[in-house]
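**Q** I need the structure of the sequence given here:
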Amino acid sequence: MADTLETLFNGTLQSSDFNSSGEATVFTNTSSQRRTIKYVQSLEGNSTYPANAKLMVGDHELGSLSGNLEGTAIIGTGETLKVKTTNLPVVDKDVAFSWWGSNNAYNSYVIPYRNNVPQYTLGTLLSNQDNGSSGWSYRNTSSTRTWFYSNVGGTASYQGNLIKIYSDVNSTQGIYIANSSGTNIYSDTTSYKPYLFDQKQYVYTFSTTHLQRLDATANTSSALSLTNLKALPQTMSALSSYPQIFMVGSDHIVFHGGYTYNNAGCYTYEISTDTLTDWNENNTPNNLLGAGSYNPYGLALSNGSYVIFRPTSATVMNRGEWTPTHTGTFSYSGTNITLSSLLQLHTTSNAHGTYGDRFYYMNNSNYLCYYDWVTGENDYVNGTNAMDYYTSNILHFGITEFTPLTATQSARTYEGAPSIKLRITGIKSE
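**A** Modelled structure (predicted):
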């Protein structure tokens, strides 16, 4: 009798069907079974959160499930047909924008993210957070630019640490870290020694000989200490005027020891590969900073490109193209970005932050706004909650990424999640 076409699979694969490697089993043949696939119909369950999946046999790709597939593919005895994607299972995280308020406590605006898509409608303003900060003697220490980070290393059983980093962009630099009891566990006020926090776990800085870091998530009352992470190819004679350290995305750190160069120019450190690249260009610090007048920022964009930029007026940002292997001179030669006049910056030097594809900032009406470097969208995050700042000096907000508690996730109604509906037609042979 001739082989007969039949439905081999008809169903919807959701987050719970995928393992931690992003794989879901469609079917597995027994030692006596074979299946021949003739036609695959696929449909994304949510256009905002596409699965972007592939149909696989073992490590071999049969085709993308962005559309229907037609042809012949034999799934042999003992073989498994599976769907693979990087977008499932769903990854939920919270991002806290924190600042020190006039209530003498820290405030946070928490935005849930699902698969890196912000859920602004679920944003929550948390005011008068204590977390031990009321007993923290350094909570009000400030300078021209100050960043405050909360819930660092927080878990279901630990409220997390607090970080305050401040800088006048020149000689005055400092950092304090406290545990949830308000006990200070790290401090450094060395002149010309800037710090950054990677929004997740580590604090980075550098000496004249090494890039350095410490784990800021430790639940401890003991003092933390820096470790030397990477030796510089040449020793700086000293750290001097307008040193800088900032991140480009989550995997690259750009830093230099001063506007006056000091025998060691600008560097890029790639975290994932432990690679240090020397830009080999004396004038880079000058070009990046503009003699310390502006803050440079960097983003690794979802479209695969990178950008370094700086706000230079209430509505204008200079843009420079960049890659992780960049060496030589740098300039802001890209097309300037012009912000909406209704959403202009509160100031060019304060109230800023970066996350994902977006530059976040406080506008001149004290509302949290963003500019998306991929889509060009410029809008409010939440137009009903003004950012209540403690003093004119404490104007930056710190951005911290953390995993939300299960109970918090369960109480939310997220906008959606990826899924993929499949109907596979073929021939089954026993």
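**Q** let me see the contact set for Val26.
**A** Val26 sits next to 9, 13, 55, 80-83, 422, 424 when contact means CB atoms under 8 Å, 6 or more residues apart in numbering. The way it works is simple: take the backbone N, C-alpha and C, and place the C-beta from them, glycine included.
**Q** swap in Arg35?
**A** With CB under 8 Å, 6+ apart as the criterion, the residues that contact Arg35 are 8, 27, 29, 74-75, 81, 426-429.
**Q** are any of the contacts of Val26 buried, and which?
**A** Neighbour counting with 16 or more other CB atoms under 10 Å marks 9, 13, 55, 81-83, 422, 424 as buried within the contacts of Val26.
**Q** before we move on, the earlier item: between the contacts of Arg35, which is nearest Arg358?
**A** Each of the contacts of Arg35 was scored against Arg358 by CB to CB, and Leu81 proved nearest at 38.5 Å.
**Q** what's the nearest residue to the closest one if we skip its chain neighbours?
**A** Spatial nearest neighbour of Leu81, excluding adjacent residues (CB to CB, 6 or more residues apart in numbering): Val26 at 4.4 Å.
**Q** the helix or strand encompassing the one you found pairs with which strands, and in what direction?
**A** Assigned by DSSP states H and E, Val26 belongs to strand 23-28. Using DSSP bridges, the strands paired with strand 23-28 are strand 80-84 (antiparallel).
**Q** next structured bit after the partner strand?
**A** The element immediately downstream of strand 80-84 (helix or strand, assigned by DSSP H and E) is strand 92-100.
**Q** name the residues of that next one that are buried.
**A** Under the neighbour-count criterion of 16+ other CB under 10 Å, strand 92-100 has 92, 94-100 buried.
**Q** need the residues you listed in a markdown table with pLDDT, can you?
**A** Below are the buried residues of strand 92-100 laid out as a markdown table (pLDDT from 0 to 100):
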| residue | pLDDT |
| --- | --- |
| Asp92 | 90 |
| Asp94 | 91 |
| Val95 | 90 |
| Ala96 | 87 |
| Phe97 | 85 |
| Ser98 | 83 |
| Trp99 | 77 |
| Trp100 | 70 |
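**Q** of all those, which comes closest to Pro296?
**A** Lowest distance from Pro296 to the buried residues of strand 92-100 (CB to CB) belongs to Phe97, with 20.3 Å.
**Q** report the contact partners of that closest one.
**A** With contacts taken as CB under 8 Å, 6+ apart, Phe97 has the following neighbours: 108-111, 353, 360, 368, 397-399.
**Q** just among those residues, which is most surrounded?
**A** When neighbours are counted by other CB atoms under 10 Å, Phe397 leads the contacts of Phe97 with 27 neighbours.
**Q** so how far is Asn366 from that one?
**A** In this structure, Phe397 and Asn366 are 11 Å apart, going by CB to CB, to the nearest Å.
**Q** right, I'll call it a day here.
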